[in-house]
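Peer 1: model the following, please.
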Amino acid sequence: MVIVLLAGTLLFGASSHASPSGSLDGAVEAAREDYRLAGVNVDALYFSAEKSLVDPHWAKFTAAPAVGNEPAPSYGYELFASHRWTVVDAGTQYVGCARPGRPGAVPRDIISSFGMACPN
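Peer 2: From the prediction side, this is the model:
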């Protein structure tokens with residue numbers, strides 16, 4: 001798995017985790033697995049997730065440093081489809097937003113439902 005640093009954002013490959021009910025536990029596990037496959041020490045991070053109030057098929061997760069650890073906090077968006085949570089985009093800033101040569105990975109109304117915004 002390759003980690004690419006682009007405009008200060010870590011981009012991870014799409015990992016997914018089966019979750020027949022669409023529970024947030026499944027969203028957290030998909031995020032942990034995606035970070036683990038990218039070579040990140042997931043034991044140094046605390047993961048949490050929340051569903052969008054606009055569309056419950058979308059969730060935003062946060063990966064924050066566990067007590068006593070120093071990695072930079074990050075976040076990402078996941079989509080629940082076909083009984084699986086799949087990480088769509090993750091990083092440290094402008095996650096899910098359009099970038100030069102790449103359309104936005106997450107609909108703007110989903111991004112704004114979490115109190116976030118894209119620069120363009």
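
Peer 1: what's the burial count for residue 46?
Peer 2: A total of 14 residues lie near residue 46 under the criterion other CB atoms under 10 Å. In this view, the C-beta of every residue, glycine as well, is placed from N, C-alpha and C.

Peer 1: surely it is within a strand?
Peer 2: Yes. Under DSSP: H, G, I helix; E, B strand; the rest coil, residue 46 falls within a strand.

Peer 1: strand partners (parallel or antiparallel) of the host helix or strand of residue 62?
Peer 2: Element membership for residue 62, per DSSP states H and E: strand 58-65. Partners of strand 58-65 in the sheet, by DSSP bridges, are strand 45-51 (antiparallel), strand 74-81 (antiparallel).

Peer 1: in TSV: those strands, plus distance to residue 31 and mean pLDDT.
Peer 2: Listed next are those as TSV, based on distance: least, CB to CB, whole Å; pLDDT from 0 to 100:
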stretch	distance to residue 31	mean pLDDT
strand 45-51	5	94
strand 74-81	6	95
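
Peer 1: winner for burial among the ones you listed?
Peer 2: Greatest average neighbour count among these goes to strand 74-81 (a mean of 23), per mean count of other CB atoms under 10 Å.

Peer 1: quick one: contacts of that strand?
Peer 2: For strand 74-81, the external contacting residues (CB atoms under 8 Å, 6 or more residues apart in numbering) are 10, 12, 19, 22, 26-27, 30-31, 34, 49, 56-63, 85-92, 95-96, 105-106, 110-111.

Peer 1: in stretch 111-120, what counts as buried?
Peer 2: 111, 113, 114, 116 (16 or more other CB atoms under 10 Å).

Peer 1: what's across from residue 46 in the sheet?
Peer 2: residue 64.

Peer 1: wait, it touches residue 65, no?
Peer 2: Yes. Taking contacts as CB atoms under 8 Å, residue 46 lies within contact range of residue 65: 7.4 Å.
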